[in-house]
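>>> Pasting a predicted model and its sequence here:
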Amino acid sequence: MASVMQKLITPLASGPAEPPRNKVTIVGVGQVGMACAVSILLRELADELALVDVVEDRLKGEMLDLQHGSLFLKTPKIVADKDYSVTANSRIVVVTAGVRQQEGESRLNLVQRNVNIFKHIIPQIVKYSPDCTLIVVSNPVDVLTYVTWKLSGLPKHRVIGSGTNLDSARFRYIMAEKLGIHSSSFNGYILGEHGDSSVPVWSGANVAGVSLQKLNPDIGTDKDSENWKEAHKMVVDSAYEVIKLKGYTNWAIGLSVADLTETLVKNLNRVHPVSTMVKGMYGIGEEVYLSLPCVLNSSGVGSVINMTLNNEEIAQLKKSADTLWGIQKDLKDL
Amino acid sequence: TSTENKHDPHIWRLEFASHFSSLHSSIGVLKSMHVFVQDLTDELALVDVIEDKLKGEAMDLQHGSLFLKTHKIVADKDYSVTANSKVVVVTAGARQQEGESRLNLVQRNVNIFKFIIPNIMKYSPNCILLVVSNPVDILTYVAWKLSGLPRNRVIGSGTNLDSARFRYLMGEKLGIHPSSCHGWVIGEHGDSSVPVWSGVNVAGVSLQGLNPDMGTDKDKEDWKSVHKMVVDSAYEVIKLKGYTSWAIGMSVADLCESILKNLRKCHPVSTLVKGMHGVNEEVFLSVPCILGNSGLTDVVHMTLKPEEEKQLVKSAETLWGVQKELTL
């Protein structure tokens, strides 16, 4: 007796299903992970999405909630499991796992808590997706990108930290608001260490190629009567402020990760400020990850843009490198 | 003024006319434009004088409705179909022939505009006019004069496309996506456009800072040829396929997006530049402008070199030389 399906549909082609071409895995289904997942789904970047976490109920609930939206999406397969086999054949793996920054807690204090988690996660990811590109989001992102690189055994161009991609986006938003224009029309980069010691490169800040520093040579200094330096301070304080108000940040970071994912998946060769291995640049001798403008494509970090930094900016990068190395050298079992 | 049958429609109207020229006229431009603007508008109206072609284009689009997000596509020779448009894109006019310089098209197109613009204004008195027809800087001036609209509501597509082409070529040279390559071509759209080399940058790194000869004849890397290729682009494509359509369509859709979504993005478009950069005549030239839902609200003042300003002044004089002879 033929079933409804057999009566309704006549299959023509059989055989094993084709593997996915643009599979994205999100590790960690907290607020940040889910914001990344939704941003990536709405941008239609993946043909398969996998979610991994240790809290099974929440994981399943999040997966179901997304699957129920399938009618409105272009990602036909959404899977989730505690077991990493579900992540096999991923092109991009976004790591958001880890404990969240508490109110008032500096990023550096999170370190050892998150290293222990990564020691479990990273080898599993690489086991099932040896050709993937990793995007590390968990904080402190620069240290954890280094940790991920070490634990993964992947070449350095395939391990990227979300770094100052978000800081730069916040900077562009704040500066553009001051000028009354759209943030995409304000160009400016924040580089170096994500967080308190990030470096705003004032010499590059421009609108339509017009350098703001040429219009106001004091920009970014303490003697600037317009106090443009305040914009950078607001960027640094942003995360703390949002965390204080709503308990966490997620939307902006999710959107910024989707932006990176798009460049990687579509092989665009766009420039993004992301955390990459900077040993040998700007006089840095240690193996540390800091954010620089990188040209991203389907192989990961294709190249790095050489910035013309002033002595003070270079000194800040070196100082960050020293601080990061100070922490990294004491980490166990890498 | 309220409309009797709709609730504040954001009608986007596209117009083309092939009055005097060859058969194909601006259909190519039209084709690409409405493909690219489909998600920006809830109603699209098309107008032209060649009724068959007009009807064919509209039907072809309507047949694609299943795949579009624009619920109403209308077309007619009669301008009443354009009522209550928020943005009106004017591509009407004779197409540039192979080898024909833009300035030669002028009087042909002015006569067409004398019919079109008042009709547009009659039915959409509060619209924003986006002029694409060439020579665009002169015709934007003409549209401004004939419409009676304030200067913030009459915009010429100008060097938006020249800059896009420049950024594409720059991207090819550097192996980087055009959106990460920044360069501005301003002034008169076409042969005398001005590449502002001092602003050319990637990630805020000034390329001229790395190569001070950039843009000059002694530059070993011959970046100047990038600008020359931009100027020659239109001629080359016209020679090969008869007209250009896709890139201009995409660039216009980009401008419309900023206007309709009130983004306040900065674009190089043609606006009234009297009083800027040493220009004394009432002419339209492209400079970086902020676009939003009330049109062109601000101009970004570029720091230009004396030679660059001289070129703008020279273009202004040339344009005024033509404009003052026109009967409007």
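Nice, I can see it. A quick note: this is a predicted structure, and the numbers were derived from the prediction, not measured.
>>> Going by C-alpha atoms from here, please, whenever you check contacts or count neighbours.
Will do.
>>> Please name the bridge partners of the nearest residue to A:Val288 once chain neighbours are set aside.
Closest residue in space to A:Val288, ignoring its immediate chain neighbours: A:Met277 at 5.7 Å, by C-alpha to C-alpha, 6 or more residues apart in numbering or on different chains. Beta-bridge partners for A:Met277, by DSSP bridges, are A:Tyr289.
>>> A:Met277 contacts A:Gly285, doesn't it?
No. Applying C-alpha atoms under 8 Å, one finds A:Met277 not in contact with A:Gly285, separated by 11.0 Å.
>>> neighbour-wise, which of those two wins?
Between A:Met277 and A:Gly285, counted using other C-alpha atoms under 10 Å in any protein chain shown, A:Met277 has the larger neighbour count: 22 against 14.
>>> separation between the residue nearest to A:Val288 and B:Gly93?
From A:Met277 across to B:Gly93, the span is 56 Å (C-alpha to C-alpha, to the nearest Å).
>>> Kindly report the residues of chain B close to chain A.
By the rule C-alpha under 8 Å from any C-alpha of the partner chain, the part of chain B lying against chain A is B:175-180, B:182-184, B:198-206, B:263-266, B:288, B:290, B:300, B:302-303.
>>> Can you show me the helices along the stretch 51-200 of chain A?
Ranges of helices in the stretch 51-200 of chain A, per DSSP state H, counting those that start in this stretch, are A:56-67, A:111-128, A:141-152, A:165-179.
>>> quick one: which of these is nearest A:Gly326?
A:Gly326 lies closest to helix A:141-152 among those, at 10.4 Å (C-alpha to C-alpha).
>>> mind checking how far that closest one is from the chain centre?
On the basis of C-alpha atoms, centre = their mean, to the nearest Å, helix A:141-152 is displaced by 13 Å from the centre of the chain it belongs to.
>>> Out of the residues of chain B next to chain A, which sit inside strands?
Residues from the residues of chain B next to chain A lying in strands, with DSSP state E as the criterion: B:His182, B:Asn201, B:Val202, B:Val205, B:Ser206, B:Lys265, B:Cys266, B:Pro288, B:Ile290.
>>> Spell out which parts of chain A neighbour chain B.
By C-alpha under 8 Å from any C-alpha, the residues of chain A that approach chain B are A:180-185, A:187-189, A:203-211, A:268-271, A:293, A:295, A:305-308.
>>> Give the buried subset of these as a ChimeraX selection command.
In ChimeraX, this line selects whichever of the residues of chain A next to chain B come out buried by 16 or more other C-alpha atoms under 10 Å in any protein chain shown:
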select /A:181,182,183,184,185,187,188,189,203,204,205,206,207,208,209,210,211,268,269,270,271,293,295,305,307,308
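>>> Near A:Leu154, how many residues? Count them for me, please.
With other C-alpha under 10 Å as criterion, A:Leu154 counts 17.
>>> what's the distance between the closest residue to B:Glu51 other than its chain neighbours and A:Met175?
Distances taken as C-alpha to C-alpha, 6+ apart place B:Lys77 nearest to B:Glu51, at 6.6 Å, with adjacent residues excluded. The spacing between B:Lys77 and A:Met175, counted by C-alpha to C-alpha, is 47 Å.
>>> higher neighbour count, these two?
Applying other C-alpha under 10 Å to B:Lys77 and A:Met175 shows that A:Met175 carries more neighbours, namely 22 against 16.
>>> in which helix or strand would I find the residue lying closest to the more buried one once chain neighbours are set aside?
Leaving aside its sequence neighbours, A:Met175 sits nearest to A:Ala231 (C-alpha to C-alpha, 6+ apart; 6.6 Å). Taking DSSP states H and E as the definition, A:Ala231 sits inside helix A:229-246.
>>> middle-most residue in chain B, spatially?
Geometric centre of chain B, nearest residue: B:Ser157, 1.6 Å, by C-alpha atoms, centre = their mean.
>>> dump the residue contacts of it.
B:Leu130, B:Val131, B:Val132, B:Val136, B:Val252, B:Val269, B:Ser270 (C-alpha atoms under 8 Å, 6 or more residues apart in numbering or on different chains).
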